[in-house]
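Undergrad: quick one: sequence and predicted model below, then my questions.
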Amino acid sequence: MSSPSPAPEHGHHEPPAILDIEASGFGLGSYPIEIGFVLPDGSSWCSLVHPEPDWQHWDPEAAAVHGILREQLVQHGRSPEALCALLNERLGGMTVYSDAWAHDYTWLNRLYEVAGVSPRFRLENLRALLNDQDAAQWHEAKRRVAQSAGLQRHRASADARLLQQTWLALRGTQRAAA
C-alpha cells in the first residue's frame, strides 16, 4: 500500500477499481469484517472476514449501519490468509481507490499483518481522482446515484459499486457540459 499522495494518473475513460471495507467500529481495536471491491469492468466481489481470536471490539452503532452479526463472521468469514491471497490474485498490480482511505488503509494493514504477507496492489484515496468541481458535487451526485439505482444495502461491494457509479456520473455530467 502507499501513502495517500501523490496518486498516479488514472485513465479518464475507464472507471477506477474501488475497494470498500466494513469494520467492527472505529478507533483502536477495530478490525475489518467485510471487504468488497468493484473492478473497472464492473465485476464485483465481496467476502466476510473471520475474526482473529483477539479481535473482540464490536461497536453496536457500526453494526446497526452494516447489519452484519459477529456470528455471521465466525460462521461464514474467510480467514485473513485466504482473503489476502484472493485480494492479491484479483487486484495484483492495480491501483485501487477508497473513499475512506485512512480507515481502510489501517484495516487492510491489520488484515495483511495477521496473514503475514504484503499486498500486491496500491490503495489510494479516491479524492485523488477528483478535481475541485468533482469534489464539490460528489455528495449530491452520490445521493442521486443511490436514489436512482435503489442502492440501500450498506455493505462493502454495494458501497464500492455506488462509489464507482458516482465517479461515472460525474464524468457523464462533465462530458455532457463540455
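TA: Received the coordinates, thanks.

Undergrad: give me the element Leu87 is part of.
TA: helix 80-91 (DSSP states H and E).

Undergrad: buried residues in that helix?
TA: Pro80, Leu83, Cys84, Leu87, Asn88, Leu91 (16 or more other C-beta atoms under 10 Å). No exception for glycine: its C-beta is placed from N, CA and C like everyone else's.

Undergrad: out of the residues you listed, which is nearest to Glu22?
TA: Proximity of the buried residues of helix 80-91 to Glu22 was ranked by C-beta to C-beta; the top entry is Leu83 with 13.2 Å.

Undergrad: OK, contacts around that closest one?
TA: Ile35, Ser47, Val49, Leu111, Ala115 (C-beta atoms under 8 Å, 6 or more residues apart in numbering).

Undergrad: quick check: mean pLDDT of the helix holding Leu87?
TA: Averaged across helix 80-91, pLDDT comes to 98.

Undergrad: again with stretch 97-112
TA: pLDDT averaged over stretch 97-112 gives 96.

Undergrad: report the distance from it to the chain centre.
TA: 8 Å (C-alpha atoms, centre = their mean, to the nearest Å).

Undergrad: repeat for stretch 158-169
TA: That offset, for stretch 158-169, works out to 11 Å (C-alpha atoms, centre = their mean).

Undergrad: what do you get for stretch 94-105?
TA: That offset, for stretch 94-105, works out to 6 Å (C-alpha atoms, centre = their mean).

Undergrad: end to end on it, go ahead and measure it.
TA: 15 Å (C-alpha to C-alpha, to the nearest Å).

Undergrad: perfect, I'm done here.
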